[in-house]
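S.K.: This is a predicted model, with the sequence first.
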Number of protein chains: 2
Amino acid sequence: MSEFWSTMVKRTEPYVPGEQLDQADILKLNTNENPYPPAPAVIEAITEEMERKLHLYPSPTVDQLREEIAEQYNLTKDNVFVGNGSDEVLAFSFMAFFEPGKAIRFPAITYSFYPVYAKLFHIPYEEVTVNHDFTLPVEDFFQSEGGVIFPNPNAPTSVYLPLDQVRAIIQNNPELVVIVDEAYIDFAEASAVSLVKEFDNLLVVQTMSKSRALAGLRVGFALGNPDLIQALIRIKDSFNSYTLDRLAIAGAEASMKAKDYFRQSTEKIIHTREWVSEQMKEHGFHVVPSQANFIFVSHARIPAKTLYENLKEIGVLVRHFDKLPIDNYLRITIGTDEDMELFFKKLKTLLD
Amino acid sequence: MSEFWSTMVKRTEPYVPGEQLDQADILKLNTNENPYPPAPAVIEAITEEMERKLHLYPSPTVDQLREEIAEQYNLTKDNVFVGNGSDEVLAFSFMAFFEPGKAIRFPAITYSFYPVYAKLFHIPYEEVTVNHDFTLPVEDFFQSEGGVIFPNPNAPTSVYLPLDQVRAIIQNNPELVVIVDEAYIDFAEASAVSLVKEFDNLLVVQTMSKSRALAGLRVGFALGNPDLIQALIRIKDSFNSYTLDRLAIAGAEASMKAKDYFRQSTEKIIHTREWVSEQMKEHGFHVVPSQANFIFVSHARIPAKTLYENLKEIGVLVRHFDKLPIDNYLRITIGTDEDMELFFKKLKTLLD
């Protein structure tokens, strides 16, 4: 701590992201990246943009990309906000819709960035205890004081909340904003995007990092009624006029257009997830039913922390959260079929 | 305004960036972009990175780029913070070093984003009237209540503050952070970077958008003592783990290494600025002595607003600020020699 730090810095408790080892020979199953490359059209679009005008500012309003996203979801540009990764979109949302002095609610087991934002912006929060099977006790999110945020599917549990229950949470917080953080929704049953036109207090946040294989490009977006989007734009334009660089904009646009590639690679991952889940059970794991591109597992015999460390020693990186009540679970990203065959080969050496 | 907006949104007065027309045939001299492309090595580095791993998250700590920048300025990695454009770095700095309830000071004529940040984060401010020749009255920045921020060279006036006067401002605010926003410093006499080791309350902010021709890539950085850098890292890690994408990191690294290219293109712009300034005087303009990549001019006869509008009609975009006491000035970016010859050709048709 230093005499020069503001009270805001002093109250921060920064988020710790998963390890990013720049090691070629490691099997990296710890940060839920897509094992497939982005659509070939993405590379083409970035190349073209790069050669044209890197020395010129990008569009501050990012209209074309917003239109492209809107079209995809049967909305208009005014329903779409884009940002530098969904983490930035979430940070702006905390600033735009939540209020110091009014407690928001999120699940006690959830994306661990939520309490970090809340501390930064001085927003009180209530952590809602989840059920034993990690499903959300929906009614406990009704009539919040300051708003609600939850991921669907939830992180790091992979559990999906059906749309009628999402709807119930929105309906029971009519005066407040409900943020549904859908980072993993493309691997799940259905998005709450279909509810955007119905509810003016719903903000759906998505990312291109997972299902669109663009974690390295940093593009996220929010979908909601134009009043909510306008609030996000005001915050952004009071913070940084150009949050998306030219290459990110060009790549993201191309990715939204590559619909077949997107569907096929997403289906491949879902298919892999299903057989990996079955195999894990055969290896003595409890597997939480997943609708994400990762699984959340616990072994009957070996503590998760031991497994995490032993796997790391033999070149497999998964994620372990040293926190009750999930300290005996591992979060394992779904790779390609080949990745997961290698994973099982290595896992067997530990289990035997 | 909407019932869902936070008090933070309600008090925003968003910054309005210069017009970004996506029009090929316009002579764009309004947003101080570099007329030359970035170093060829930048394109190579981005291409290589793009083909390798766009589906993987970038480094959250961005160590390599920070080391590269540190080396350039004879500092260490712990003296360097990097962000998504210097606007983001400035926003984080307002959060990290300025305090609601304690008035900061900046010049009354300056980068118009400062009051925008201040309103967003609820930081009171005093605007220091500048001298008639647009120089800064240095002593008026002494003993501030909450800290000081100013651009050097100043925007949009292009006036440079000599280093001994910068030093005086830092020395006379010993308990508070002084931010020197050096967006245009590579076109000027000397950077305050040389004072970073001497003063623990100095933060120097720079950008790769101007002198490095990377406005489209969004990379800015701050240089200061490790305690200040640590504060910025804490804010960033409470806001967005990955503010720089893989392509921006790779391009910025290559740009820092391309020292000869950087020196040559900067010198070319300075050379052009000098003859353009002389020519403008011959055309009846008052030209403020510039140490930036733009000039700030006023015509003896024709109002600036009229000139701005007439220039726009004939395909030349410059910047006019409709605000006293600079409403009779135009800010004109220095392009290539060919750009500026075309500019004078078009200008003549208006003056005749």
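M.R.: That came through fine. Numbering: from 1, shown residues only, chains lettered A, B, ... in the order given.
S.K.: show me the contacts for residue A:332.
M.R.: Contact analysis of residue A:332 by CB atoms under 8 Å, 6 or more residues apart in numbering or on different chains lists A:29, A:294-297, A:318-319, A:343. C-beta here means a position set from N, CA and C on the backbone, and glycine is covered the same way.
S.K.: Check which residues of stretch A:149-162 are buried.
M.R.: Neighbour-count burial for stretch A:149-162 flags A:149-161 (criterion: 16 or more other CB atoms under 10 Å in any protein chain shown).
S.K.: Let me have those residues in a markdown table, adding secondary structure as columns.
M.R.: Shown next, in a markdown table, are these (DSSP: H, G, I helix; E, B strand; the rest coil):
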| residue | secondary structure |
| --- | --- |
| A:149 | strand |
| A:150 | strand |
| A:151 | strand |
| A:152 | coil |
| A:153 | coil |
| A:154 | coil |
| A:155 | coil |
| A:156 | coil |
| A:157 | coil |
| A:158 | coil |
| A:159 | coil |
| A:160 | coil |
| A:161 | coil |
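S.K.: Residue A:221 in helix, strand or coil?
M.R.: strand.
S.K.: Would you map out the domains in chain A?
M.R.: A:15-37+A:262-351, A:40-257 (automatic domain parsing).
S.K.: Kindly reformat the ones you listed as TSV containing mean pLDDT and distance to residue B:142.
M.R.: Formatted as TSV, these follow (pLDDT from 0 to 100; distance: least, CB to CB, whole Å):
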stretch	mean pLDDT	distance to residue B:142
domain A:15-37+A:262-351	94	39
domain A:40-257	97	29
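S.K.: Could you identify which of the ones you listed is most buried?
M.R.: Counting by mean count of other CB atoms under 10 Å in any protein chain shown, domain A:40-257 has the highest mean neighbour count of the domains of chain A, with a mean of 21.
S.K.: and it, how far from the chain's centre?
M.R.: 8 Å (CA atoms, centre = their mean, to the nearest Å).
S.K.: got the end-to-end distance for it?
M.R.: 11 Å (CA to CA, to the nearest Å).
S.K.: Quickly find the element holding residue A:204.
M.R.: Using DSSP states H and E, residue A:204 falls within strand A:202-207.
S.K.: what packs against that strand?
M.R.: Here strand A:202-207 touches helix A:86-97, strand A:178-181, strand A:220-224, going by 3 or more CB pairs under 8 Å, 6 or more residues apart in numbering or on different chains; DSSP states H and E.
S.K.: so what does the longest one touch, helix or strand wise?
M.R.: Under the contact criterion of 3+ CB pairs under 8 Å, 6+ apart, the helices and strands touching helix A:86-97 comprise strand A:80-83, helix A:113-120, strand A:178-181, strand A:202-207, strand A:220-224, helix A:226-237, helix B:7-10.
S.K.: Is the last one positioned near chain A?
M.R.: Read that as helix B:7-10. Yes - contact of helix B:7-10 with chain A (CB under 8 Å from any CB of the partner chain) involves B:7-9.
S.K.: Tell me where the stretch 201-350 of chain A has strands.
M.R.: Under the criterion DSSP state E, counting those that start in this stretch, the stretch 201-350 of chain A contains strands at A:202-207, A:220-224, A:285-287, A:294-299, A:316-317, A:319-320, A:330-333.
S.K.: To residue B:41, which of the ones you listed lies closest?
M.R.: Relative to residue B:41, the nearest member of those by CB to CB is strand A:220-224, separated by 30.0 Å.
S.K.: in its sheet, what does that closest one sit against?
M.R.: Sheet pairing of strand A:220-224 (DSSP bridges) gives strand A:80-83 (antiparallel), strand A:202-207 (antiparallel).
S.K.: contacts for it?
M.R.: Under CB under 8 Å, 6+ apart, the answer for strand A:220-224 is A:66, A:69, A:73, A:75, A:79-90, A:93, A:193, A:196, A:202-209, A:228-229, A:232.
S.K.: Apply 6 Å and report the result again.
M.R.: A:69, A:79, A:81-83, A:85-86, A:89, A:193, A:196, A:203-207 (CB atoms under 6 Å, 6 or more residues apart in numbering or on different chains).
S.K.: out of those, who's nearest residue A:54?
M.R.: Within these, the smallest distance to residue A:54 is 19.5 Å, found for residue A:82 (CB to CB).
S.K.: which residues does the closest one contact?
M.R.: Applying CB under 6 Å, 6+ apart to residue A:82 gives the contacts A:62, A:65-66, A:221.
S.K.: ok, what's across the strand from the nearest residue to it once chain neighbours are set aside?
M.R.: Distances taken as CB to CB, 6 or more residues apart in numbering or on different chains put residue A:221 closest to residue A:82, at 4.7 Å, once the chain neighbours are dropped. Bridge pairing for residue A:221 (DSSP bridges) gives the partners residue A:82, residue A:206.
S.K.: near chain B, which residues of the stretch 201-350 of chain A?
M.R.: Counting by CB under 6 Å from any CB of the partner chain, the stretch 201-350 of chain A comes close to chain B at A:213, A:215-218, A:227, A:231, A:234, A:237-242, A:245-248.
S.K.: Can you add distance to residue B:120 and give the strands paired with strand A:220-224 back as a markdown table?
M.R.: Converted to a markdown table, these look like this (distance: least, CB to CB, whole Å):
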| stretch | distance to residue B:120 |
| --- | --- |
| strand A:80-83 | 16 |
| strand A:202-207 | 20 |
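S.K.: picking that back up, from the residues of the stretch 201-350 of chain A next to chain B, which land in helices?
M.R.: Among those, the members found in helices (DSSP state H) are A:227, A:231, A:234, A:237, A:246-248.
S.K.: So residue A:158 sits against residue A:289, correct?
M.R.: No - here residue A:158 does not reach residue A:289: they are 7.5 Å apart, not a contact under CB atoms under 6 Å.
S.K.: Find the nearest non-adjacent residue to the residue positioned nearest the centre of chain A, please.
M.R.: Chain A has residue A:183 as the residue nearest its centroid, 3.1 Å off, counting by CA atoms, centre = their mean. Once flanking residues are discounted, residue A:183 sits nearest to residue A:207: 5.0 Å by CB to CB, 6+ apart.
S.K.: How much space separates that neighbour from residue A:215?
M.R.: 8 Å (CB to CB, to the nearest Å).
S.K.: do the same with residue A:295
M.R.: 19 Å.
S.K.: Let me see the contact set for the residue nearest to residue A:183.
M.R.: Residues near residue A:207 by CB under 6 Å, 6+ apart: A:86, A:183, A:220.
S.K.: what do you get for residue A:296?
M.R.: Each residue near residue A:296 by CB under 6 Å, 6+ apart is listed here: A:156-158, A:288, A:329, A:331.
S.K.: same check, this time on residue A:334
M.R.: Per CB under 6 Å, 6+ apart, neighbours of residue A:334: A:269, A:272-273, A:293.
S.K.: Residue B:278: which of the domains of chain A is closest?
M.R.: domain A:40-257 (25.6 Å).
S.K.: ok, now how distant is the closest residue to chain B within the stretch 251-352 of chain A from residue A:145?
M.R.: Nearest residue of the stretch 251-352 of chain A to chain B (CB to the nearest CB) works out as residue A:251 at 7.5 Å. To residue A:145, residue A:251 is 40 Å away according to CB to CB.
S.K.: now the helices and strands packed on helix A:86-97 in CSV, with distance to residue A:311?
M.R.: Listed next are the helices and strands packed on helix A:86-97 as CSV, based on distance: least, CB to CB, whole Å:
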stretch, distance to residue A:311
strand A:80-83, 34
helix A:113-120, 25
strand A:178-181, 28
strand A:202-207, 26
strand A:220-224, 30
helix A:226-237, 40
helix B:7-10, 43
